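K.L.:
I'll drop the sequence and a predicted model, then ask my questions.
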Amino acid sequence: MMNPQNEALKRIERIASHLHPLPPQMEENLGLRRSDCRAKGGAPGFKVAILGAAGGIGQPLSLLMKMNPLVSVLHLYDVVNTPGVTADVSHMDTGAVVRGFLGQKQLEDALTGMDLVIIPAGVPRKPGMTRDDLFKINAGIVRTLCEGIAKCCPSAIVNLISNPVNSTVAIAAEVFKKAGTYDPKKLLGVTTLDVARANTFVAEVLGVDPRTVNVPVVGGHAGVTILPLLSQVTPPCSFTPEEIAYLTDRIQNGGTEVVEAKAGAGSATLSMAYAAAKFADACLRGLRGDAGIIECSFVASQVTELPYFACKVRLGRAGAEEIFPLGPVNEFERAGLEKAKKELVESIQKGASFIKG
Ligand SMILES: NC(=O)c1ccc[n+]([C@@H]2O[C@H](COP(=O)([O-])OP(=O)(O)OC[C@H]3O[C@@H](n4cnc5c(N)ncnc54)[C@H](O)[C@@H]3O)[C@@H](O)[C@H]2O)c1
Ligand SMILES: O=C(O)C[C@H](O)C(=O)O
């Protein structure tokens, strides 16, 4: 019988093995240690880190990124539960080598050498809360993680999911400016879920396949700042005033719809993981040098007088290489734009002041 001390040691070793930077495929009791395995690295591809990988978004996102053939190394970081998530995801027979990192002490190892860092770390909303109510907790989390990025992978593209995105992007930008590593092309607030929702709801109204619809959604990522440009839907189509009112309201409040349906158990996780994986894939294809990759994202921009604004961007090797103007907007959209800007200016200011004081 194994004595309890040895058993405890064995257990610690087993946990540590899931955090070990080698492909975790072999059980030691088969007589072969993982470090003896012939595979030492992944196939050519990009190195991606997910910060907040054990969360509601983080777990399905880890699964989806493990399935992405452009990813050769996948680092999963969280302050809890990464050994289990890493062990689980690492058994998928896809190309990416998965490594787990647990707690602040391992943040730097998690980030070193990364090409793309995706951040879904932070608390989600409960019914009755606004995204801004999350600022108190999430602002500090985003600051710490971005300080790590500035130190360990300053050239990485950052996909920021943590809410309130309208403020956390400004927080990240100020952290990077302070560190002298800020590259506005590489800091991207993720608003892909707004586009996915807009495509879905518009397709429902039109009675078509959502995969054939593309709705630009600009502004920001909270309530009235989410501005679907229904006059620019492709393929071109028209809506009645009632349809426009219904669609605008449903797209702007899609997040709240999920928060209320989950009744205290969090906010969108599965559709968000899908959206984040889609956006990350677009960023990786851009990094690879693919042409014509256009997505909406909340980025530094001169499209309006605001320092950050969600709009269509072209993704390339340098990140958001081109930012497209809003294009022709109708009267309804112009009124929506004014409302969006009023709220956005305050959220951006709040984020920037958190770092600048
Ligand atoms: N941009 C968007 O469209 C969008 C959509 C949905 C959710 N969100 C936001 O994403 C965030 C995460 O949502 P969720 O449902 O996954 O929440 P969750 O609570 O299920 O998971 C969050 C994870 O972050 C981890 N975490 C907390 N502090 C951390 C730190 N300092 N370092 C690393 N990890 C840390 C937690 O341990 C947890 O595993 C929320 O802020 C939510 O509002 C954004
Ligand atoms: O609504 C939320 O709080 C989460 C997210 O921003 C969403 O749009 O689903």
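P.N.:
Cool, got the structure. Ligands and ions are numbered 1, 2, ... in the order given.

K.L.:
what pLDDT, on average, does stretch 347-357 get?
P.N.:
The pLDDT scores in stretch 347-357 average 97.

K.L.:
I meant stretch 197-216, not that one.
P.N.:
The average pLDDT for stretch 197-216 rounds to 98.

K.L.:
going forward can the numbers begin at 18, since that is how I track them
P.N.:
Let's use 18 as the start, then, which means that last one is stretch 214-233.

K.L.:
Give me the distance from stretch 79-88 to the chain's centre.
P.N.:
Counting by C-alpha atoms, centre = their mean, to the nearest Å, stretch 79-88 is centred 14 Å from the centre of its parent chain.

K.L.:
ok, now which ones touch residue 311?
P.N.:
329, 330, 331, 332, 341 (C-beta atoms under 8 Å, 6 or more residues apart in numbering). C-beta coordinates here come from the backbone N, C-alpha and C atoms, glycine included.

K.L.:
Give the closest residue to the last one in space, chain neighbours not counted.
P.N.:
It refers to residue 341. Using C-beta to C-beta, 6 or more residues apart in numbering and skipping the chain neighbours, the partner closest in space to residue 341 is residue 329 (4.2 Å).

K.L.:
In the helix or strand hosting the one you found, which residues are buried?
P.N.:
Secondary structure from DSSP states H and E places residue 329 in strand 325-333. Across strand 325-333, burial judged by 16 or more other C-beta atoms under 10 Å covers 325, 326, 327, 328, 329, 330, 332, 333.

K.L.:
what does stretch 261-273 give?
P.N.:
261, 264, 265, 267, 268, 269, 270, 271, 272, 273.

K.L.:
how about residue 61, secondary structure?
P.N.:
What DSSP: H, G, I helix; E, B strand; the rest coil gives for residue 61 is coil.

K.L.:
correct me, but it touches residue 90?
P.N.:
No: contact criterion C-beta atoms under 8 Å: residue 61 and residue 90 do not qualify, at 10.6 Å.

K.L.:
And these two? Which one has more around it.
P.N.:
Using other C-beta atoms under 10 Å, the more surrounded residue of residue 61 and residue 90 is residue 90, with 21 against 8.

K.L.:
Mind pulling the model confidence for the more buried one?
P.N.:
Per the predicted model, pLDDT is 98 at residue 90.

K.L.:
now residue 157
P.N.:
98.

K.L.:
so where do the strands sit in the protein?
P.N.:
With DSSP state E as the criterion, the chain has strands at 63-68, 88-95, 114-119, 133-136, 174-177, 204-206, 234-236, 243-245, 310-317, 325-333, 336-340.

K.L.:
follow-up on the earlier one: can you put the buried residues of strand 325-333 in a markdown table and add distance to residue 302 and pLDDT?
P.N.:
Formatted as a markdown table, the buried residues of strand 325-333 follow (distance: C-beta to C-beta, whole Å; pLDDT from 0 to 100):
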| residue | distance to residue 302 | pLDDT |
| --- | --- | --- |
| 325 | 24 | 98 |
| 326 | 23 | 98 |
| 327 | 20 | 98 |
| 328 | 19 | 98 |
| 329 | 16 | 98 |
| 330 | 13 | 98 |
| 332 | 7 | 98 |
| 333 | 9 | 98 |
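
K.L.:
What separation do you get for the closest residue to residue 154 other than its chain neighbours and residue 265?
P.N.:
Among residues not flanking residue 154 along the chain, residue 140 sits closest, at 5.0 Å (C-beta to C-beta, 6+ apart). Shown here: residue 140 relative to residue 265, a distance of 28 Å by C-beta to C-beta, to the nearest Å.

K.L.:
right, and residue 254 touches residue 223 too?
P.N.:
Yes: the pair residue 254 and residue 223 qualifies as a contact (C-beta under 8 Å) at a distance of 6.1 Å.

K.L.:
Between the two, which has more neighbouring residues?
P.N.:
residue 223 (16 against 13).

K.L.:
Report the contact partners of the more buried one.
P.N.:
Contact analysis of residue 223 by C-beta under 8 Å, 6+ apart lists 230, 254.

K.L.:
same thing but 6 Å
P.N.:
Contacts for residue 223 (C-beta atoms under 6 Å, 6 or more residues apart in numbering) come out as none.

K.L.:
cool, and residue 286?
P.N.:
Contacts of residue 286 (C-beta under 6 Å, 6+ apart): 73, 74.

K.L.:
and it, how far is that from ligand 2?
P.N.:
Distance from residue 286 to ligand 2, counting by C-beta to the nearest ligand atom, to the nearest Å: 9 Å.

K.L.:
Distance check, that residue against ligand 1.
P.N.:
5 Å.

K.L.:
per-residue confidence at that residue?
P.N.:
Per-residue pLDDT puts residue 286 at 98.

K.L.:
just the one 10 residues further on next, same as before
P.N.:
Confidence per residue is given as pLDDT, and for residue 296 that number is 99.

K.L.:
returning to what we had before: please flag which of the buried residues of stretch 261-273 sit within helices.
P.N.:
Assigned to helices by DSSP state H, the following of the buried residues of stretch 261-273 qualify: 261, 264, 265, 267, 268, 269, 271, 272, 273.

K.L.:
For ligand 2, what's its nearest residue on the chain.
P.N.:
Residue of the chain nearest ligand 2, by C-beta to the nearest ligand atom: residue 272 (2.2 Å).
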